[in-house]
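Q: from the sequence below, what's the structure:
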Amino acid sequence: MNGVGNRSRKLPRAVALIVFVLGVGGLSGCLPPNRLDFVQRDINALRETIAVQAQQNADTRRRMEQSERQLAEIRGSLARLESSPAQSSQKEQAFSQLSARLERIERELGFTAAQAPAAAPPSPAPAGKPAAATPKMEVEKLYRQAYDQFSSEEYDEALKSFRTLVEQYPQSDFADNALYWSGEVHYVRKDYKGALSFFQQVLDRYPQGNKVPDAMLKLALSHYQLKDNQNAVRELNRVLERYPQHTVARTAKAYLERIQGKGK
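A: Numbers count the residues shown, from 1 in each chain. Now for the predicted structure:
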């Protein structure tokens, strides 16, 4: 997606951060102690916005309260995962699932990509004929379907749905996300060469998309997982040079230190 509303501009960072920290779990048996703090900070920002929106009306308040409970569950899951003795690969998959839940909550609350300027309303459908779904509605429905499949670990079906979205709606705000999450499917499955292909496509086809920082980082981490440290270092340095203040920089720096430490 190529932008977000002013009020929710910071919120998708929570999702991005959880996805980015997946790779850091592979650095050692335990996770850096400050990682949970950064995730918690972004969740708190989301909770503050929920509190404001909850004042609008009773229906919204009930929906916000339900989301609050889901956020509390995610927060508890993160805390348990942080102290869990599970293998890094298991933690990586768990973080991926948590990121999917958090993005779904954001989407349900309306924290989606900024839409193009509103066009004139369509002419009413003739009497007796239901209004046809717009391409915008269709692509969002397809993306939700694909993302739900990803969240449910129905990876084969998710890949098919993401591919359909990119092929049918290559100019939509969801196309770069579809490519990125296709890469995540391959990454979770440890098909790092397949992941490389999709992350590179995000950079090549949607250089101005919001998934570029994520894709650059995961491109580097895929090289790292393939034990191609030369390309991993090159891509990690690119991340730091281009996004020094972005959350991806923390993970990139951690991996660089890890690789350089091995070389000593």
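
Q: and S161, how far is that from Q225?
A: 25 Å (Cβ to Cβ, to the nearest Å). Yep, even glycine has a C-beta here, placed from its N, CA and C like the rest.

Q: whoops, E140 was the one
A: Distance, E140 to Q225, by Cβ to Cβ: 32 Å.

Q: what of Y180?
A: Separation of Y180 from Q225 (Cβ to Cβ): 17 Å.

Q: who has more neighbours out of those two?
A: Y180 (23 against 19; other Cβ atoms under 10 Å).

Q: pLDDT at that one, what is it?
A: You'll see Y180 listed with a pLDDT of 96.

Q: one more: I74?
A: 70.

Q: that one: neighbouring residues, count only.
A: Neighbours around I74, by other Cβ under 10 Å: 20.

Q: isn't A249 up against L240?
A: Yes. Using Cβ atoms under 8 Å, A249 is in contact with L240, at 5.6 Å.

Q: these two: which is more packed in?
A: The neighbour count for A249 versus L240, taken as other Cβ under 10 Å, is higher for A249 (19 against 15).

Q: quick one: pLDDT of that one?
A: According to the predicted model, the pLDDT of A249 comes to 91.

Q: the one 4 residues further on now?
A: Note on K253: pLDDT of 93.

Q: can you tell me the SS state at it?
A: Classification of K253 using DSSP: H, G, I helix; E, B strand; the rest coil returns helix.

Q: count of residues packed around it?
A: Neighbours of K253 under the rule other Cβ under 10 Å: 14.

Q: thought L236 was touching Y255?
A: Yes. Here L236 reaches Y255: they are 5.5 Å apart, a contact under Cβ under 8 Å.

Q: quick check: neighbours shared by the two?
A: Residues touching both L236 and Y255 (Cβ atoms under 8 Å, 6 or more residues apart in numbering) are A220.

Q: give me the more crowded residue out of those two.
A: Legend: neighbour count by other Cβ under 10 Å for L236 and Y255, higher for L236 (29 against 25).

Q: any idea which element the more buried one lies in?
A: helix 229-242 (DSSP states H and E).

Q: show me what counts as buried in that helix.
A: By 16 or more other Cβ atoms under 10 Å, the buried positions in helix 229-242 come out as N229, A232, V233, E235, L236, R238, V239.

Q: likewise stretch 255-264?
A: By neighbour count on 16+ other Cβ under 10 Å, the buried set for stretch 255-264 is Y255, L256, R258.
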